[in-house]
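Student: Sequence first, then the predicted structure, then my questions.
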Number of protein chains: 2
Amino acid sequence: MEITITKRTQLKPKPDENNLVFGTEFTDHMFIMDYTEGKGWHDAKIVPYGPIELSPAAMVLHYAQEVFEGMKAYKTPEGDIQFFRPMENFARMNRSNARMCIPQIDEEFVFDALKQLVALDQDWVPHAPGTSLYIRPFVFATDPFIGVRTSLHYKFIIILSPVGAYYATGLQPARMHVEDIYSRTVVGGTGEAKCGGNYAGGLAAQEKAHDEGFEQILWLDGAERKYIEEVGTSNIFFKVDGKFITPELHGTILPGITRKSVIELLRSWGEEVIERRITIDEFVDMYHKGQIEEVFGTGTAAVVSPIGGLEYQGEDMSFNNGEIGEYTQKIYDTLFGMQTGTVEDDLGWIVKL
Amino acid sequence: MEITITKRTQLKPKPDENNLVFGTEFTDHMFIMDYTEGKGWHDAKIVPYGPIELSPAAMVLHYAQEVFEGMKAYKTPEGDIQFFRPMENFARMNRSNARMCIPQIDEEFVFDALKQLVALDQDWVPHAPGTSLYIRPFVFATDPFIGVRTSLHYKFIIILSPVGAYYATGLQPARMHVEDIYSRTVVGGTGEAKCGGNYAGGLAAQEKAHDEGFEQILWLDGAERKYIEEVGTSNIFFKVDGKFITPELHGTILPGITRKSVIELLRSWGEEVIERRITIDEFVDMYHKGQIEEVFGTGTAAVVSPIGGLEYQGEDMSFNNGEIGEYTQKIYDTLFGMQTGTVEDDLGWIVKL
Ligand SMILES: Cc1ncc(COP(=O)(O)O)c(C=O)c1O
Ligand SMILES: Cc1ncc(COP(=O)(O)O)c(C=O)c1O
């Protein structure tokens, strides 16, 4: 499929790289293509970033048939632009699409479209420390139809946003609330898909935690509210007695690409990483025995985010004196170094533009 | 708040009342208002039905912060237009809004806006047998923001669609599949809110059931896949040994307005209605003992829909010889009669335009 390109005639002023706020500024262009049942994906184009027209009956506005991805492009000290494991994101998007009855995309084609888009907007990729270009591919149902069924029309769009650090407080360890009233998902639900409904459903718990002074929530499984699952938009890892534990993937948590990379990285260092179900009670017990050495979240937005404290049913637990752990820091430095081209990419994860 | 009205200059041709398809045609006008944090709801207006502009970063397209309602207006033989318990829908919408962190709407104001809209488009309310005007109020997050938080801007819209019978097969009893792999929701989730994510998450199970020749699915609870919850977009009732049983409301199923009305109607006839949790195993057991007399779904779209058969783990159960039951028919005749003005409204449920 050809990609038609319509360039913006008047480029937008670029924001100050040292004061980037996450997710509020968008670049000059975006990529769009449309899907029509029977015809497939068509009309691929790069156009100036700007509003889109939708029918008020567009199914996405009613039934939330939608999926998204989140990935980044980075600038190296030499000024090269590079991606981190980009094909993992498009593969995951297709798994999310399958779960949400959305048609598959051609992963190679879409990555090619992304490269063309980033090349066109390359001056938007920031290079101040900690900055990057956040990439948001997403797809949603556009049939103007009232009634619950799979849509016959979709739009796939990629927008780009130059971003600073995700957490305003930087790599400062955060305090989290272990949520035991609200549920996120269960086996057989949509937890492992990156679909809108998972996030909207989590807002109430997140707001409650914010009001109580916590930065994020740690979700427990929705069926028994007993097993540890993931944090807001990150997966979670514990360092326990010198070993690493992270909840296993069994359908309810997002299979994070950072999670996968951290597991592989730790193993490449000779560390032991165990993927298994773990209850909050077992965790509290290990905490009381002084076994919990480090706790951190992993995700594209922040790479690694140290967790300094967890509150569960009124008990406040704090880890590593509320300071960032040795491994948490080392993982961050290594991954972010690879991403930004200051650390050798031994594992073959970097794809140059 | 004032409602500004901009009328369409050229009215659209109206569809053939005897061949209305559900949810595909929309009337000449729609109601819109906007919300801005700190300012509240503003700019209420009735405008020609047509496309809306959205930022590609609008949060609804990514995080599905959205809620909707479904209700109807009916034409009586005298040509009057009337609603069925409309304030129940706006009250439920506010409960859904609360769950999804969406600001509350002024229920009286919004009903007034609806009345003005229906009055303007009154020639679109069909009067052929079985037809009505479907009303779809909905609200969604419009902040152009990438990141998971509650939006600061929303749009509330009402669109109208003249509809025929919801089920193509009319009041013919349908065959349903009892879903025991996919889950819809759990306690602490969003099951009792009318939010998009619940419906998108259910599509895969619905498609699988359609492929296997079933019209709909009966959901079991997501935690144990043991308790009977609801059908696609209806609540469910069983007539067992002369009594009526319907699953109780405990956070996972939609509190249907038809469900509530059927309970009240049956009780007004002196019938016993029990709201309680009921497992699929108990149901199968009652079926084997020959106790199941009638099974039906209730919802705004179809009022009452007879269920002729249920398939669970390979076993095919059929009820009342696959024919519509006596009470199912009587409830339909009474409710639809009240709605369309041919049966006396003893219970005070009708509100005239
Ligand atoms: C729910 C959830 N879990 C985990 C993650 C981390 O995944 P990744 O490392 O691929 O960014 C994300 C976000 O990206 C997420 O939204
Ligand atoms: C999931 C679900 N359950 C039940 C119902 C029935 O509710 P009501 O009778 O208010 O239409 C609906 C739809 O309206 C629904 O979407």
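Tutor: That came through, no problem. Ligands and ions are numbered 1, 2, ... in the order given.

Student: any idea how far the nearest residue to residue A:194 once chain neighbours are set aside is from residue B:272?
Tutor: In space, and not counting its chain neighbours, residue A:194 is closest to residue A:96: 4.8 Å by CB to CB, 6 or more residues apart in numbering or on different chains. Just so you know, the C-beta spots here come from the backbone N, C-alpha and C atoms, and that holds for glycine as well. Separation of residue A:96 from residue B:272 (CB to CB, to the nearest Å) stands at 46 Å.

Student: Also residue A:141?
Tutor: Residue A:141 is 43 Å from residue B:272, by CB to CB.

Student: Compare neighbour counts for those two and give me the winner.
Tutor: It is residue A:141, of residue A:141 and residue B:272, that has more neighbours when counted by other CB atoms under 10 Å in any protein chain shown, with 29 against 10.

Student: Surely the more buried one and residue A:156 touch.
Tutor: No: applying CB atoms under 8 Å, one finds residue A:141 not in contact with residue A:156, separated by 11.3 Å.

Student: Work out for me the element the residue nearest to residue A:194 sits within.
Tutor: helix A:86-99 (DSSP states H and E).

Student: Return the set of buried residues in that helix.
Tutor: Under the neighbour-count criterion of 16 or more other CB atoms under 10 Å in any protein chain shown, helix A:86-99 has A:86, A:88, A:89, A:90, A:92, A:93, A:94, A:96, A:97, A:99 buried.

Student: Turn these into a markdown table, including pLDDT and distance to ligand 2.
Tutor: Converted to a markdown table, these look like this (pLDDT from 0 to 100; distance: CB to the nearest ligand atom, whole Å):
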| residue | pLDDT | distance to ligand 2 |
| --- | --- | --- |
| A:86 | 98 | 38 |
| A:88 | 98 | 35 |
| A:89 | 98 | 32 |
| A:90 | 98 | 33 |
| A:92 | 98 | 28 |
| A:93 | 98 | 27 |
| A:94 | 98 | 28 |
| A:96 | 98 | 23 |
| A:97 | 98 | 23 |
| A:99 | 98 | 19 |
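
Student: Between all of those, which two are separated the most?
Tutor: Across those, the longest distance by CB to CB is 20.9 Å; it joins A:86 and A:99.

Student: List phi and psi for residue A:242.
Tutor: phi 80, psi -10 (degrees, to the nearest 10).

Student: So what's the residue count around it?
Tutor: There are 10 residues near residue A:242, going by other CB under 10 Å.

Student: Please name the nearest non-neighbouring residue to the residue of the stretch 1-150 of chain A at minimum distance from ligand 1.
Tutor: Of all residues in the stretch 1-150 of chain A, residue A:70 sits closest to ligand 1, with a separation of 4.9 Å (CB to the nearest ligand atom). Take residue A:70 and drop its neighbours on the chain: the residue closest to it by CB to CB, 6+ apart is residue A:300, 5.0 Å away.

Student: pLDDT score assigned to that neighbour?
Tutor: At residue A:300, the predicted lDDT confidence score is 95.

Student: Touching, it and residue A:257? I think so.
Tutor: Yes: using CB under 8 Å, residue A:300 is in contact with residue A:257, at 6.8 Å.

Student: Can you tell me the element residue A:237 falls in?
Tutor: strand A:235-240.

Student: Can I get that strand in PDB? Just the C-alpha atoms.
Tutor: Extracted C-alpha coordinates of strand A:235-240, given in PDB (Å, rounded to 0.1, in the frame of the first residue of the first chain):
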ATOM      1  CA  ASN A 235       4.400  -4.300  35.800                       C
ATOM      2  CA  ILE A 236       5.900  -5.000  39.200                       C
ATOM      3  CA  PHE A 237       9.100  -6.700  40.300                       C
ATOM      4  CA  PHE A 238      10.400  -7.600  43.800                       C
ATOM      5  CA  LYS A 239      14.000  -8.400  44.800                       C
ATOM      6  CA  VAL A 240      13.600 -11.000  47.600                       C
END
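
Student: right, is that strand up against chain B?
Tutor: No: on the criterion CB under 8 Å from any CB of the partner chain, strand A:235-240 is out of touch with chain B, staying 14.9 Å away.

Student: What residues does the nearest residue to residue A:322 once chain neighbours are set aside make contact with?
Tutor: In this structure, residue A:322 finds its nearest non-sequential neighbour in residue A:308, 4.0 Å apart by CB to CB, 6+ apart. The contact partners of residue A:308, by CB atoms under 8 Å, 6 or more residues apart in numbering or on different chains, come to A:172, A:173, A:174, A:175, A:318, A:319, A:320, A:322, A:323.

Student: By neighbours, which of these wins?
Tutor: residue A:173 (24 neighbours).

Student: gap between that residue and residue B:43?
Tutor: From residue A:173 across to residue B:43, the span is 44 Å (CB to CB).

Student: From what I see, residue A:177 and residue A:217 are in contact.
Tutor: Yes: counting by CB under 8 Å, residue A:177 touches residue A:217, with 5.3 Å between them.

Student: got any residues that touch both of the two?
Tutor: residue A:209.

Student: what about residue A:305, which helix or strand?
Tutor: Using DSSP H and E, residue A:305 sits within strand A:303-312.

Student: Averaged pLDDT, that strand. What do you get?
Tutor: 94.

Student: Mind listing the strands whatever helix or strand comes next after that strand pairs with, and their directions?
Tutor: Next helix or strand after strand A:303-312 toward the C-terminus (DSSP H and E): strand A:315-318. Using DSSP bridges, strand A:315-318 pairs in its sheet with strand A:303-312 (antiparallel).

Student: The partner strand vs strand A:235-240, what angle?
Tutor: 70 degrees (axes from the mean of the first three to the mean of the last three CA atoms, to 10 degrees).

Student: now the residue lying closest to residue A:351 once chain neighbours are set aside, which residues is it bridged with?
Tutor: In space, and not counting its chain neighbours, residue A:351 is closest to residue A:83: 4.7 Å by CB to CB, 6+ apart. Beta-bridge pairing for residue A:83 (DSSP bridges): residue A:73, residue A:351.

Student: And the pLDDT for residue A:83?
Tutor: Residue A:83 is given a pLDDT of 98.

Student: Next one: it relative to residue B:289, how far apart?
Tutor: Distance from residue A:83 to residue B:289, by CB to CB: 63 Å.

Student: what does residue A:300 give?
Tutor: Separation of residue A:300 from residue B:289 (CB to CB): 56 Å.

Student: who's more crowded, these two?
Tutor: More neighbours surround residue A:300 than the other of residue A:300 and residue B:289, with 22 against 10 (other CB under 10 Å).

Student: Walking through chain A, point out its helices one by one.
Tutor: Listed in chain order, the helices of chain A (DSSP state H) span A:60-63, A:86-99, A:107-120, A:196-211, A:257-268, A:280-288, A:326-339.

Student: so does the second one get close to ligand 1?
Tutor: No: using CB under 6 Å from any ligand atom, no contact is recorded between helix A:86-99 and ligand 1, whose separation bottoms out at 7.1 Å.

Student: which other residues reach that helix?
Tutor: A:67-71, A:102-105, A:107, A:110-111, A:114, A:137, A:139, A:190, A:192-195, A:255, A:257, A:260, A:351, B:204.

Student: okay, the angle between it and helix A:257-268?
Tutor: Using the same axes, to 10 degrees: helix A:86-99 against helix A:257-268 is 130 degrees.

Student: Just the C-alphas of helix A:86-99, formatted as PDB.
Tutor: Output in PDB follows, covering the C-alpha atoms of helix A:86-99 (Å, rounded to 0.1, in the frame of the first residue of the first chain):
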ATOM      1  CA  PRO A  86       9.300  -1.700  18.200                       C
ATOM      2  CA  MET A  87       8.000  -4.900  16.600                       C
ATOM      3  CA  GLU A  88       7.100  -6.200  20.100                       C
ATOM      4  CA  ASN A  89       4.600  -3.300  20.300                       C
ATOM      5  CA  PHE A  90       3.000  -4.100  16.900                       C
ATOM      6  CA  ALA A  91       2.800  -7.800  17.800                       C
ATOM      7  CA  ARG A  92       1.100  -6.900  21.100                       C
ATOM      8  CA  MET A  93      -1.300  -4.600  19.300                       C
ATOM      9  CA  ASN A  94      -2.400  -7.400  17.100                       C
ATOM     10  CA  ARG A  95      -3.000  -9.600  20.100                       C
ATOM     11  CA  SER A  96      -5.100  -6.800  21.600                       C
ATOM     12  CA  ASN A  97      -6.900  -6.400  18.300                       C
ATOM     13  CA  ALA A  98      -7.700 -10.100  18.300                       C
ATOM     14  CA  ARG A  99      -9.200  -9.900  21.800                       C
END
